[in-house]
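[1] no sequence for this one, just the structure:
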């Protein structure tokens, strides 16, 4: 389908990145927060971003995200990195609490005891983290801002940092902006103005090594986060025009972005659009290949056209309209490739392979008898001397299989299998059609699980994949595999 909109709103083409967030397949505390947070700023934009989603469905998605986050709260009040994690993650707790407080401001119901527990945990961690020279120390400015947003203002701590700024390395601009936002929350107008006079606060962050855990910093995340915070406090201010344009241009040109980069970009641009007082475009007529096409409307009144079964060939569009301001024409094509080609593995930093074995450990042929158990061997290798942090290894099973035992090793093994040689991921998520493994990769790791061949037929097993979640250009695939399940 070809989708066309004429609007006075800038950035709509950049907002297409949001679709990647709401379909993101993994669900740790950071990723769940990242896929929920920007929903709070989508408003009338959702029908352009995803024509199959309604405002009511967005509300349901927000509630689902909130409930999943609350399910990860530990007895300390902080949030674990994964469901069932025994201990909390400091930065993840600050991030999730920021989202929960924003959702509360938008009218969503959040249990007061859950918020109080999270804020108390953050408060305690600030007192113990300042002496540590690691990511926890670099998290303090964000933690102070979230505490202030939640009504637990630590005025003295904020002012001390504002007067004597530490060296936060590559996070300097980001953390200075968080101190500025905190000063605004405590009402210190003089210090706020002093910080705003520092023009470097809105300059592009210097490039540096992307962080795959801890605070998940990247140079672009810093730009996008500062825009989102600026729009949260001073919505629509013309001072943010340049950084908004820079963020929009960057996301339009990128296929691979981390969930952190996407969330803050969508949140910042979404808030900016939400705060704009834009009149709908006046009457518009459009012809497609010489034929006039009737227009529908987005919720904000912008005219919209959808050309069903678009053939993808060159087509001329002609518009006749009257409008105040400078209207933008946006067009996008939705569909599926007739011949799907497996994407190339990126950078060669890792490899992933998959084998189907019988219960004796011998490789199985292409033909498997219905009812047979299949031991699936997953092997992932880091081709670098450094640990590949926060990796996700995913195996999608053929349609004729069902996962029977998601985790062989440690107490559940086969005679030929050495339990000490089996990788123990940080977290395993079993779904109907796939198994997901998460952890750091150093050297070669091997994992086994058991599936059963249940449905006769010829099937194509999708490739297994391995990727570094916070640097998604680092990804590898195994080949497709054809499987025939033969009836008894």
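    Okay, I see it. As the structure is a computational prediction, the values presented were derived from the model and not from experiment.
[2] now the strands for the stretch 251-400 of the chain?
    Counting by DSSP state E, counting those that start in this stretch, the stretch 251-400 of the chain forms strands over residues 284-288, 291-293, 296-297, 303-307, 317-321, 328-333, 350-357, 367-369, 373-382, 388-396, given from the N-terminal end onward.
[3] looking at the ones you listed, which is closest to residue 232?
    Using Cβ to Cβ as the measure, strand 328-333 is the one of the strands of the stretch 251-400 of the chain that comes nearest residue 232, at 24.8 Å. C-beta coordinates here come from the backbone N, C-alpha and C atoms, glycine included.
[4] Would you mark the buried spots in the closest one?
    Going by neighbour count (16 or more other Cβ atoms under 10 Å), the buried part of strand 328-333 is 328, 330.
[5] Could you number the chain from 28 rather than 1 from now on?
    Sure thing, new numbering starts at 28, so read that last one as strand 355-360.
[6] which other residues reach it?
    28-37, 39-40, 43, 75, 337, 339, 344, 346 (Cβ atoms under 8 Å, 6 or more residues apart in numbering).
[7] switch the cut-off to 7 Å
    When contacts are defined by Cβ atoms under 7 Å, 6 or more residues apart in numbering, strand 355-360 is touched by residues 29-34, 37, 39-40, 43, 337, 339, 346.
[8] And for stretch 291-299?
    By Cβ under 7 Å, 6+ apart, stretch 291-299 touches 38, 41-42, 44-45, 48, 64-65, 68-69, 72, 248, 251-252, 254-255, 258-259, 262-263, 271, 274-275, 278.
[9] Mind checking which of the residues you listed are in helices?
    Among the contacts of stretch 291-299, the members falling in helices are 45, 48, 248, 251-252, 254-255, 258-259, 271, 274-275, 278 (criterion: DSSP state H).
[10] My read is that residue 443 contacts residue 389, right?
    No - at 9.2 Å, residue 443 and residue 389 do not qualify as touching, with contact defined as Cβ atoms under 7 Å.
[11] Relative to residue 509, which of the strands of the stretch 278-427 of the chain is closest?
    strand 394-396 (10.1 Å).
[12] Which strands and helices lie in contact with that closest one?
    Using 3 or more Cβ pairs under 7 Å, 6 or more residues apart in numbering; DSSP states H and E as the contact criterion, the neighbours of strand 394-396 among helices and strands are strand 508-513.
[13] how many degrees apart are the strand it packs on and strand 400-409 in direction?
    Angular relation of strand 508-513 and strand 400-409 on a 0 to 180 degree scale: 170 degrees, by axes from the mean of the first three to the mean of the last three Cα atoms, to 10 degrees.
[14] what lines up beside strand 508-513 in the sheet?
    When pairing is defined by DSSP bridges, strand 508-513 lines up against strand 394-396 (parallel), strand 484-488 (antiparallel).
[15] Quick one: closest of these to residue 285.
    With Cβ to Cβ as the yardstick, what comes closest out of the strands paired with strand 508-513 is strand 484-488 (28.1 Å).
[16] What pairs with the following helix or strand past that closest one, parallel or antiparallel?
    If you walk from strand 484-488 toward the C-terminus, the next helix or strand you reach (DSSP states H and E) is strand 492-495. Sheet pairing here is set by DSSP bridges, and for strand 492-495 it gives strand 415-423 (antiparallel), strand 502-504 (antiparallel).
[17] Now for residue 402: which residues touch it?
    Listed by Cβ under 7 Å, 6+ apart, the contact set of residue 402 reads 384-386, 475, 477.
[18] That one and residue 395: what is the separation?
    Counting by Cβ to Cβ, to the nearest Å, the gap from residue 402 to residue 395 is 12 Å.
[19] Enumerate every residue touching the nearest residue to residue 195 once chain neighbours are set aside.
    Sequence neighbours aside, residue 202 is the residue nearest to residue 195 in space, at 4.6 Å (criterion: Cβ to Cβ, 6 or more residues apart in numbering). Contacts of residue 202 were listed using Cβ under 7 Å, 6+ apart, and they are 165, 168, 195.
[20] Double-check that the first one belongs to a strand.
    In other words, residue 165. No - Residue 165: not assigned to a strand; according to DSSP: H, G, I helix; E, B strand; the rest coil it is helix.
[21] wait, what's in contact with it?
    Residue 165 sits next to 195, 198, 202, 242 when contact means Cβ under 7 Å, 6+ apart.
[22] Kindly tell me how buried the first one is, as a neighbour count.
    Put plainly, it is residue 195. Residues near residue 195, counting by other Cβ atoms under 10 Å, number 18.
[23] cool, and residue 58?
    Around residue 58 there are 21 residues (other Cβ under 10 Å).
[24] give the contact list for the closest residue in space to it that isn't next to it in sequence.
    Closest residue to residue 58 apart from its sequence neighbours, by Cβ to Cβ, 6+ apart: residue 286 at 5.2 Å. Taking Cβ under 7 Å, 6+ apart as the definition of contact, the neighbours of residue 286 are 48, 51, 57-58, 61.
[25] want to throw the residues you listed into JSON lines with distance to residue 225?
    Output for the contacts of residue 286, formatted as JSON lines (distance: Cβ to Cβ, whole Å):
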{"residue": "48", "distance to residue 225": "32"}
{"residue": "51", "distance to residue 225": "35"}
{"residue": "57", "distance to residue 225": "29"}
{"residue": "58", "distance to residue 225": "33"}
{"residue": "61", "distance to residue 225": "29"}
